[in-house]
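Asker: pasting the sequence and the predicted coordinates here, then a few questions.
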Amino acid sequence: MYFPRPVDQERYNQDRINALVGAHLDLSVESMQTDVEIANYTSYLNVRKDKALPYIWIGSAIFMIGVVMGIYWQHRRIWLRIDGSRLTLGAHTNKNWYGLRHEVAQALQSAGIQVEPKALENGGNSK
């Protein structure tokens, strides 16, 4: 039996082909009721269950934690080197270097070393 799409039934002679094939076959069905209606529309919608979805959600949560850490938290490093009576200090931050400069000056002042925050960025030489 040949069943093309409804728009192609005339083009491919569905009725003639089915009549020739149906003459040799018995297609009677005893249990079908007479009030059955055939739908004219077809849906190609598939329903599936994605078993990988929990892994995707966990990965996206880890990613968002990293984004929040990168945006809101400042990464700061401070190095100290003492050579005899000479103190060498270095610092690095990815954000707010003005605040880091001010905090380093406060830490040095609490240790008894008087320095202006603006003097820290040019090697301690005030100009």
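Answerer: Looks like it arrived, so ask away.

Asker: name the element residue 71 belongs to?
Answerer: Using DSSP states H and E, the element containing residue 71 is helix 53-72.

Asker: tell me which helix or strand in the protein has the weakest average pLDDT.
Answerer: Lowest by mean pLDDT, DSSP states H and E among the helices and strands of the chain is helix 14-22, with a mean of 78.

Asker: and that one, which residues are buried?
Answerer: Of the residues in helix 14-22, 14, 18 count as buried by neighbour count, 16 or more other Cβ atoms under 10 Å. Where C-beta positions appear, they are placed from N, C-alpha and C, glycine not excepted.

Asker: may I have that helix as PDB, with CA atoms only?
Answerer: Provided in PDB are the C-alpha atoms of helix 14-22 (Å, rounded to 0.1, in the frame of the first residue of the first chain):
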ATOM      1  CA  GLN A  14      -2.500   7.000  -4.800                       C
ATOM      2  CA  ASP A  15      -6.100   5.900  -5.500                       C
ATOM      3  CA  ARG A  16      -5.200   3.900  -8.600                       C
ATOM      4  CA  ILE A  17      -2.100   2.200  -7.000                       C
ATOM      5  CA  ASN A  18      -4.100   1.300  -3.900                       C
ATOM      6  CA  ALA A  19      -7.000  -0.100  -6.000                       C
ATOM      7  CA  LEU A  20      -4.600  -2.300  -7.900                       C
ATOM      8  CA  VAL A  21      -2.900  -3.600  -4.800                       C
ATOM      9  CA  GLY A  22      -6.200  -3.800  -2.800                       C
END
